[in-house]
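Q: Mind looking at a prediction? Sequence and model below.
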Amino acid sequence: MLQQILRDMYIDPELLAELNEEQKQILFYKMREEQLRRWKEREEKARMEEAVLRKTAGRKQSNGKHVQWLRGKDGEVWVWVMGEAPGDKPYEQISEELIAERARQQAQKEAEELWRQKEAEITKKFRDAMAQEKARIVAEKWKIEIEDRKAAKLEEEKIQEELKKREEEERQKGEEQIRQQEEIRAKELYLSLKQAQQHSQHSDDDQEWEEQLRRSKAADEERSHKARRARDEYRRQSLRAIQKGRVAGLSNLFQGTSLNNVQEIKLNDDSGSPLLSLSAASSNIWERPSRPFSRDVIIRWFKEEQIPRRAGFERNTSRIAQWFHGIISRQEAEELLMNKSEGAFLVRVSEKIWGYALSYRQQSGFKHFLVDASGDFYSFLGVDPNRHATLTDLIDFHKEEIITSSGGELLLEPCGQQKNPPDYSPLFE
């Protein structure tokens, strides 16, 4: 489903309404990334075409080479010798200025680095001092009477003002020290560069080439290091999920499952419903539409594709999981979770996509996450990159791992049925 949205760069408004704000932001971010990737491809293609055209034009011009010398007033070829023309500086003066400029830039660069370090130390020093002082005042704050709290607040502000004043003085002192060090360092570097110029036998071109070579090697090593670190991080995240036994190779997972097998299914609800014997056999060949457009089509999809994959069943049993519900609306899901504590959840069959919606009870309300089941795996739409072999695997995985880092959602308490027969009965009739 996510790949189709990124390919078409379009999402149905009804489906968009099912996403919460965090899911919307993540989905829009992924769409923006896809737009940027396509733009870069177009730019690279245009650049290559332009390079080819320039190369072709250069070949055409090279067939008729022609050189025309600039001539002076006397009719002879005009020649300029550096240092001899009016207003030209002597070579020694130019060399001195270049050395002095290099020394100044190097000293300035080192001074900036020293100041960044000094500023970080000063900031950390006074931030820690303010935090310790505030912690001390807060600890003592509860011991004093109500009428003295205003005085404690004034004392805290006075101490903070004093600390800020000391911090500013420390900054000014640090700046002065750095400035003095910069001047001394500039002189040292000037003398060093002057001596190097006198004793060096290498040309400036050789030195520049060596410097470019060194920078190129350093850049290559940095890129290799970043790529290696990205691969290690991706491998670590994948291994973490695999070690928990939740993620598996999915493309060949269900090849051995036949849609013509007869299954005995227990409908498990809070009131203890009787066993129903259901068959997954179908007399007609099932071809899934592009999107669900009626309850009958959703029920057909569930029977044809999801029952063979044991969607909604407890692991290694024929009983329906307590958290599984049928085709119910968002409002009905929130009514079921209304009196539950934070961490309660249920999974309902979605009417918007080929998949499910996980409804979650948080402290201040509810959250709803779409679960994409259109492929041969189960994953949250736009939230979690992990792919799970079964719907039960996804639920069990997020009993231990949070769904989003910002929300910290853990699936703690399954929300069962409140009706008899249960709301998922039409899916198994």
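A: In hand now; what should we look at? Numbers count the residues shown, from 1 in each chain.

Q: Once you drop chain neighbours, what's closest to Trp69?
A: Excluding its sequence neighbours, the residue lying closest to Trp69 (Cβ to Cβ, 6 or more residues apart in numbering) is Val77, at 4.7 Å. In this view, the C-beta of every residue, glycine as well, is placed from N, C-alpha and C.

Q: neighbours of the one you found, just the number please.
A: 9 (other Cβ atoms under 10 Å).

Q: partners of it in the sheet?
A: Beta bridges link Val77 to Arg71 when assigned by DSSP bridges.

Q: mind listing what it touches?
A: 69-71 (Cβ atoms under 8 Å, 6 or more residues apart in numbering).

Q: among those residues, who's most crowded?
A: That'd be Arg71 among those, by other Cβ under 10 Å, with 10 neighbours.

Q: And that residue, how far from Gly375?
A: The spacing between Arg71 and Gly375, counted by Cβ to Cβ, to the nearest Å, is 76 Å.

Q: what's the neighbour count on Gln172?
A: For Gln172, using other Cβ under 10 Å, the count is 10.

Q: Go ahead and name everything in contact with stretch 186-193.
A: Residues contacting stretch 186-193 (Cβ under 8 Å, 6+ apart): 99-100, 102-104, 106-108.

Q: Of those, which is the nearest to Glu304?
A: Gln108 (72.2 Å; Cβ to Cβ).

Q: still on that earlier bit, for the contacts of Val77, please prepare CSV with the additional fields distance to Ile137 and pLDDT.
A: Below are the contacts of Val77 laid out as CSV (distance: Cβ to Cβ, whole Å; pLDDT from 0 to 100):
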residue, distance to Ile137, pLDDT
Trp69, 84, 84
Leu70, 80, 87
Arg71, 86, 84
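
Q: Strands along this structure, start to end?
A: For the chain, the strands defined by DSSP state E occupy 262-266, 275-279, 344-349, 355-362, 365-372, 379-380, 413-414.

Q: How about the contacts made by Glu110?
A: 182, 185 are the contacts of Glu110 under Cβ under 8 Å, 6+ apart.

Q: again but with Thr392, I slipped
A: Applying Cβ under 8 Å, 6+ apart to Thr392 gives the contacts 310, 313-315, 321.

Q: What score does it have for pLDDT?
A: Listed pLDDT for Thr392 reads 94.

Q: Would you state the helices of this structure in chain order?
A: For the chain, the helices defined by DSSP state H cover 2-8, 13-18, 21-62, 91-141, 149-199, 204-243, 295-301, 330-337, 391-397, 425-428.

Q: Pick out the shakiest of those helices, pLDDT-wise.
A: helix 204-243 (a mean of 63).

Q: one step back: same list (the helices of the chain) but as TSV, adding distance to Val371.
A: TSV is the format used below for those (distance: least, Cβ to Cβ, whole Å):
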stretch	distance to Val371
helix 2-8	12
helix 13-18	11
helix 21-62	12
helix 91-141	43
helix 149-199	50
helix 204-243	16
helix 295-301	14
helix 330-337	13
helix 391-397	7
helix 425-428	16
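
Q: which one of those helices is the most hemmed in?
A: Across the helices of the chain, the average number of neighbours (mean count of other Cβ atoms under 10 Å) peaks for helix 391-397, which reaches a mean of 22.

Q: Centre of the chain to that helix, how far?
A: 24 Å (Cα atoms, centre = their mean, to the nearest Å).

Q: Next one: Leu70 from Val77, what distance?
A: As defined by Cβ to Cβ, Leu70 lies at a distance of 7 Å from Val77.

Q: And for Glu101?
A: 34 Å.

Q: ditto for Ala129
A: 74 Å.

Q: Check the closest residue to Val349 other than its chain neighbours and give its pLDDT.
A: Distances taken as Cβ to Cβ, 6+ apart place Ile327 nearest to Val349, at 4.7 Å, with adjacent residues excluded. Per-residue pLDDT puts Ile327 at 93.

Q: quick one: contacts for Ile327?
A: 295, 298-299, 348-349, 351, 423, 426-427.

Q: Let me have those residues in TSV, extended by distance to Trp39.
A: Formatted as TSV, these follow (distance: Cβ to Cβ, whole Å):
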residue	distance to Trp39
Arg295	42
Ile298	38
Ile299	43
Arg348	39
Val349	39
Glu351	36
Asp423	47
Pro426	47
Leu427	45
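
Q: Between these, which sits nearest Glu43?
A: Checking the contacts of Ile327 one by one against Glu43 (Cβ to Cβ), the nearest turns out to be Glu351, at 41.4 Å.

Q: Centre of the chain to stretch 174-186, how far?
A: 41 Å.

Q: again with stretch 36-51
A: Per Cα atoms, centre = their mean, the centroid offset for stretch 36-51 relative to its chain is 25 Å.

Q: Please list the residues outside it that contact it.
A: By Cβ under 8 Å, 6+ apart, the list of residues contacting stretch 36-51 is empty.

Q: Restricting to C-alpha, output that stretch in PDB.
A: C-alpha atoms of stretch 36-51 as PDB (Å, rounded to 0.1, in the frame of the first residue of the first chain):
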ATOM      1  CA  LEU A  36      13.300  14.800  -4.000                       C
ATOM      2  CA  ARG A  37      14.700  11.500  -5.300                       C
ATOM      3  CA  ARG A  38      12.800  11.900  -8.600                       C
ATOM      4  CA  TRP A  39      14.000  15.500  -8.900                       C
ATOM      5  CA  LYS A  40      17.600  14.500  -8.400                       C
ATOM      6  CA  GLU A  41      17.300  11.800 -11.100                       C
ATOM      7  CA  ARG A  42      15.900  14.400 -13.600                       C
ATOM      8  CA  GLU A  43      18.700  16.800 -12.700                       C
ATOM      9  CA  GLU A  44      21.400  14.100 -13.100                       C
ATOM     10  CA  LYS A  45      19.900  13.100 -16.500                       C
ATOM     11  CA  ALA A  46      19.800  16.700 -17.700                       C
ATOM     12  CA  ARG A  47      23.400  17.200 -16.500                       C
ATOM     13  CA  MET A  48      24.600  14.100 -18.400                       C
ATOM     14  CA  GLU A  49      22.800  15.200 -21.600                       C
ATOM     15  CA  GLU A  50      24.300  18.700 -21.300                       C
ATOM     16  CA  ALA A  51      27.800  17.100 -20.900                       C
END
